[in-house]
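K.L.:
dropping the sequence and predicted coords here.
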Amino acid sequence: MAGPISRKLAVLLERQAVESRWESHRWILAGVVPDEAGGPRVVAEDERMLRRLFPGVEVSLYPDEAEGYFLNVSSGEPSVFVALREDGASGEPYPYQATLSYNEAARWMDGSEKVERAPAWPELTRWMGEWVAEHYRPEPKRRQRPRSFEGKEGRLREEGSE
């Protein structure tokens, strides 16, 4: 099977003012868009909101993640999953990594990463769907023998393990 193929995208993070005694604002993943040239920058700001664009975030399609891409592209709303981390000095979030695989995003969350999702735009969804159609082959389902055909040894092993 072929190696990974990649695309670059840009992540939009938005700081919103909140009415709370514990915090003055919160950060959300506002969206994911096709990549733009340049570095991180403010793209919108007013007294209640600040929106930053982080270009150059890469998503790759790997053969061993094919099932996760299939699950994503066949869902009702294909998504980009973005792991966010906080800068140690400023405490502000930045996109650490992104994936199109449901399974990979779930592993990141199991590993305590903060993962948010944003809808994938149509061209990115089409790119992922074409890759899935070419590379994903579901594992054949194995037929399980009915318990009545297992024989005495299988039943004894089961009864002894209870």
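P.N.:
Yes, it's here. Numbers count the residues shown, from 1 in each chain.

K.L.:
so where is the chain shaky, pLDDT-wise?
P.N.:
1-2, 145-162 (pLDDT under 70).

K.L.:
in it, which spans are strands?
P.N.:
Ranges of strands in the chain, per DSSP state E, are 5-17, 25-34, 41-45, 49-61, 79-86, 93-99, 114-119.

K.L.:
now distance to Phe70 and mean neighbour count too, for these, in JSON lines please.
P.N.:
For every residue, glycine as well, the C-beta is placed using N, CA and C. Shown next, in JSON lines, are the strands of the chain (distance: least, C-beta to C-beta, whole Å; neighbours: other C-beta atoms under 10 Å):
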{"stretch": "strand 5-17", "distance to Phe70": "16", "mean neighbour count": "17"}
{"stretch": "strand 25-34", "distance to Phe70": "20", "mean neighbour count": "17"}
{"stretch": "strand 41-45", "distance to Phe70": "33", "mean neighbour count": "11"}
{"stretch": "strand 49-61", "distance to Phe70": "11", "mean neighbour count": "18"}
{"stretch": "strand 79-86", "distance to Phe70": "13", "mean neighbour count": "20"}
{"stretch": "strand 93-99", "distance to Phe70": "14", "mean neighbour count": "20"}
{"stretch": "strand 114-119", "distance to Phe70": "17", "mean neighbour count": "18"}
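
K.L.:
nearest to Gly68, out of the ones you listed?
P.N.:
strand 93-99 (7.8 Å; C-beta to C-beta).

K.L.:
skip the chain neighbours and tell me the closest residue to Glu86.
P.N.:
Pro93 (5.5 Å; C-beta to C-beta, 6 or more residues apart in numbering).

K.L.:
quick check, the one you found in contact with Leu13.
P.N.:
Yes: when contacts are counted by C-beta atoms under 8 Å, Pro93 is listed as touching Leu13 (5.9 Å).

K.L.:
okay, and the common contacts of the two?
P.N.:
Both Pro93 and Leu13 are contacted by 27, 84, under the criterion C-beta atoms under 8 Å, 6 or more residues apart in numbering.

K.L.:
about what we covered before: can you redo the strands of the chain as JSON lines with distance to Tyr69?
P.N.:
Formatted as JSON lines, the strands of the chain follow (distance: least, C-beta to C-beta, whole Å):
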{"stretch": "strand 5-17", "distance to Tyr69": "11"}
{"stretch": "strand 25-34", "distance to Tyr69": "16"}
{"stretch": "strand 41-45", "distance to Tyr69": "29"}
{"stretch": "strand 49-61", "distance to Tyr69": "6"}
{"stretch": "strand 79-86", "distance to Tyr69": "11"}
{"stretch": "strand 93-99", "distance to Tyr69": "9"}
{"stretch": "strand 114-119", "distance to Tyr69": "14"}
